[in-house]
Every structure is written in structure tokens, then in C-alpha cells.
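In: just the structure for this:
(chains A and B)
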Amino acid sequence: MDSEFYLTSRNQEKSLPLNDEQFRELKRSRKRLSLIYAIVHKFRLVKCNFALIEKQMAQLGVLYASHRDVARIEELKPQLNAAINNYILSARIFTSQLKRHVQGCLPLERDLIRELSDAMDEEYQRSFAYRFVEALYDYVTYYGLSCHAFQSRSTLIEENGEQVRRYDFHAYVERDFIGGPADFRASILAETPERVDIRALLTEFNTSLGRLHDMAINMTKEVFDQSHDTISEFVNVFIGQFGAQYANVFVVHKTRAFGDKVYDRFPISMYVNNHNLSDELMCGEQ
Amino acid sequence: MRIAAPDDFVAVPDDYESCDVVSINYRYFSMWLRADLVASLEGVVTEVQFPWSSHISSDNFISRLNKLPEYALQAMALLQSTLQAKNCRIICCEADKFRCSLALVAPLPQVVYQGLQSMPCPDIFELPQMENIDMSPTDYINDHRQRYEH
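Out: Sure, this is the predicted structure:
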């Protein structure tokens, strides 16, 4: 196949030729960085969905404690349910893809992948929250409902020597409403308490996912640094040649076999100059 | 999750705690007298059950039971104003979609009975039923709280 490889600016005004080996190196580095970023993005998605749940619970809690706006209560209830469903879906996206992403970065490191598999099994074994959320995914996929009850409570407590009224709000999954073993994973249903406090459940589950996320990021750190250095080098050469106004760089593979059309094209600057993820991966070249 | 006290919160009477459980096909709103005050009470626990009138039941259906706490507070205020004897105290008020139940502690059940007889027939209830409970005030409250607070 007669191919042409080159770096180009976003508007394709400037280009710099690459050889076959450089192209492959860039393609591999970009793939690895995108996989590692995917791990981070998916974990962040879980955390953001959790923050949305907390926000909506706080709003609903205030509404139930005041009972002034019935229409708003009825509007918010399905929104909270949706936020919980989104959380569960995002958690499944994270857990189902995690190994694949690490494996994509480290295709020859079978021991590391086994270690990650074992860590996931361990989380499943030791945490009811992990098992329950896994099973809840199947349930919400079928029924679309992840929250059955709320509790709005006011209690009298002593604070700074004064008696004050404290307001609390909880959302629950009710075991009896889940159905029977035909509707929910039987082994999990058997260990499920009458009511499951959703916030406490997801907080515990977040801790499990956090451990898996950190493990995956540590496993891929070396590969991340190498890939990051490789791409940075090419981007810097391109900027050195054409100026910082052409900093948004793409790699192009053209082949005559397709009538001189673009066979492959992918961005690279976005992986080394990522303003969104610099905190998580310490990779930002601002 | 702790909620910042809203400006327009439900006016639960001083010395009472509350719990509102909202589910798909049931709802319970309840208020209990503070545990230390309940412990200091002596007397007989009498439970008075007021079934909601058809008008209130219909309104509860329309408002998806979101006005239940409001009606329960009205019921409690009404009974409190009727039974003003110092030795007669409401220790618990529970409301669901069928009824509002109030538990009182009085030296004798007759005090509650006489109070009810003197009460003008309220619009929001059907005929009440009275039951004497063979429990101490503290045991009664603990038993009822456990039903709703997990």
C-alpha cells in the first residue's frame, strides 16, 4: 500500500511529513493516552452523577421539609430517579470497560491485568454496595426505577448549648418493591436489608471504584508518561516550525489505494495539552 | 443527608420531632414528643384514630398526599386545644392516607374520652375510635418510631 503520513494543522494550512515508523509511534501513543483518559473521564462521570444525585436530594429535602411547592416536588422526584439511573449506568460503563482500557495500554502485561481482575473480584466479595449496584444495573435496565422511597426527618439536637431542629433527607431502594428472585439477582436479594439508603450505598460504591481507578492509573502511569512525551515532542516540533498559532495538530494517513483519500486522521494536541484533566494525571502543558 | 433548615419549613410544634416517609403507594407522616419529655410522663396511653373525611381523602388523592403533614398538624392542634388539662399530653401523631392517629398520655382514659366528647365535630374527620394501649409512653414511642425510622 503506497501511503503518505504527515502532521497537519487543524485548518490544514501547514503540514510536516512523517515516516511510517513515526506514524505508528504516534498512533500507538495516541491510542494509549485516549484509553487512559477514558478511564479518568468515566470515573469522573460517575462522580459527577453522584454530585447530581446529592444536589437533587438536597433540593427535594428542602421541598419536603417545607411542603410548600407540590408541583416542584413532583417535578423533582423523577429527576432524582433519572440521576440515580444515570449514576448506575455510568458505573457499569466504568467497571465493564476498565480492564479493556488497561489491556489496550499494556497488551503484554497479563499479570497486571490479572491483578486488576482480582482487585475487581475482591471489591465484589467484600462490599455489599458493589454487589448491589452491579445487580441494580440489571434491575433499572429492565424497570427504569431506582428509587422507591424518601424519608424527610426533623430531630431536636443540642448544638452549641442550644436546642436546634436538624433536618435530614434520605432516599431508599425498598427490598419488597424490587420484586422476587426472578426480578433481581437472587443471591444479592437474599442479603438485601428491608431498605437500602441510596446515598450511603453509592458513597461506599464510590470508594470501591476510586480504588480501582487509582490502581488502573498507577498501572498505566509509565505508559502514559512515555506516550505523553512522544506526542509532546512532535507537537513541539510542529509549533517550532510554524508557530504557536498552529498548536492544534493532527496526524494524517493518506493512501493511493483509496484514490488519494484520507485513510486515517486523528488529533494529538488534545492529548498533551488537556486543560480538563491536568489535575488527575499531572499532564497539563498549559 | 443533612438539609439546611428551609425558611418556610413545616411548623412542627416545639418539643416534637417528625418523620415523613414517602413511597410509591404509601405515605406516613409522624410526630413524636421529645424522648426526655416522654420519659417524664406518667399515666395511660390512649390512642385516638380519626379516619379522614371523604373530602380530605379526595384532596389527598389529588395532591398525591403532599398535604398530609398539613392535615396532621391541623388535627394535632385541634386535639391539643380541646384537651388542655395539664396532665394530658399528646405524645404522638401519625397520619397515613386512611387516618390520623393521635396518642395521648393522661392519668385516666376518661380524661381523653371526656375531652373528645366536648370537641366540636371537625370537618376533616369521620367518627373517631379510641383504644387504650397497655404500654408505657416510652415503649409506645419506641415501638412506633421503629416502624418508620430505619
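
In: pull the longest helix from chain B.
Out: Criterion DSSP state H: the longest helix present in chain B is helix B:68-82.

In: now for it, which elements pack on it?
Out: Applying 3 or more CB pairs under 8 Å, 6 or more residues apart in numbering or on different chains; DSSP states H and E, we find helix B:68-82 packed against strand B:16-23, strand B:27-33, helix B:54-62, strand B:89-95, strand B:99-106, helix B:109-118. From N, CA and C alone the C-beta is placed, and that goes for glycine too.

In: which among the ones you listed is found nearest to residue A:244?
Out: Across the helices and strands packed on helix B:68-82, residue A:244 has its closest neighbour in strand B:16-23 (57.6 Å, CB to CB).

In: the closest one pairs with which strands?
Out: Applying DSSP bridges, strand B:16-23 is found paired with strand A:149-159 (antiparallel), strand B:27-33 (antiparallel).

In: of the ones you listed, which is nearest residue A:238?
Out: That would be strand A:149-159 among the strands paired with strand B:16-23, by CB to CB, at 55.9 Å.

In: so residue B:20 touches residue B:12, yeah?
Out: No - judged on CB atoms under 8 Å, residue B:20 makes no contact with residue B:12 at a distance of 10.0 Å.

In: identify the residue spatially nearest to residue B:78, adjacent ones excluded.
Out: residue B:122 (5.8 Å; CB to CB, 6 or more residues apart in numbering or on different chains).

In: distance check, that neighbour against residue B:116.
Out: Using CB to CB, to the nearest Å, residue B:122 is found at 11 Å from residue B:116.

In: which element is residue A:183 on?
Out: When elements are assigned from DSSP states H and E, residue A:183 belongs to no helix and no strand.

In: mind listing what the residue lying closest to it once chain neighbours are set aside touches?
Out: Excluding the flanking residues, the one nearest residue A:183 by CB to CB, 6+ apart is residue A:139, at 6.7 Å. Residues near residue A:139 by CB atoms under 8 Å, 6 or more residues apart in numbering or on different chains: A:146, A:178, A:183-184.

In: give me that answer again for 10 Å
Out: Listed by CB atoms under 10 Å, 6 or more residues apart in numbering or on different chains, the contact set of residue A:139 reads A:88, A:132, A:145-146, A:173, A:178-179, A:183-185, A:188-189.

In: kindly reformat the residues you listed as TSV containing secondary structure.
Out: Below are the contacts of residue A:139 laid out as TSV (DSSP: H, G, I helix; E, B strand; the rest coil):
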residue	secondary structure
A:88	helix
A:132	helix
A:145	coil
A:146	coil
A:173	strand
A:178	helix
A:179	coil
A:183	coil
A:184	coil
A:185	coil
A:188	helix
A:189	helix
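
In: so where's chain B uncertain?
Out: B:148-150 (pLDDT under 70).

In: next one: the residue nearest the centre of it from chain A, what distance?
Out: What sits nearest the mean C-alpha location of chain B, by CA atoms, centre = their mean, is residue B:93, with 1.4 Å. Using CB to the nearest CB, to the nearest Å, we find residue B:93 at a distance of 13 Å from chain A.

In: thought that residue was touching residue B:18?
Out: Yes - contact criterion CB atoms under 10 Å: residue B:93 and residue B:18 qualify, at 9.0 Å.

In: which residues do those two both contact?
Out: Common contact partners of residue B:93 and residue B:18 (CB under 10 Å, 6+ apart): B:12, B:29-32, B:69, B:72-73.

In: so where is the stretch 151-286 of chain A shaky, pLDDT-wise?
Out: A:258, A:275-286.

In: quick check: residues of it near chain B?
Out: Counting by CB under 10 Å from any CB of the partner chain, the residues of the stretch 151-286 of chain A close to chain B are A:151-157, A:163-172, A:174, A:176-177, A:193-200.

In: of the residues you listed, grab the buried ones for ChimeraX.
Out: Buried residues among those (16 or more other CB atoms under 10 Å in any protein chain shown), as a ChimeraX selection:
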select /A:151,152,153,154,156,165,167,169,170,171,172,177,195,196,197,198,199
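
In: restricted to helices, list the residues of the stretch 151-286 of chain A next to chain B.
Out: A:176-177, A:198-200.

In: quick revisit: out of residue B:20 and residue B:12, which sits in the busier spot?
Out: residue B:20 (26 against 19; other CB atoms under 10 Å in any protein chain shown).

In: alright, I will stop here.
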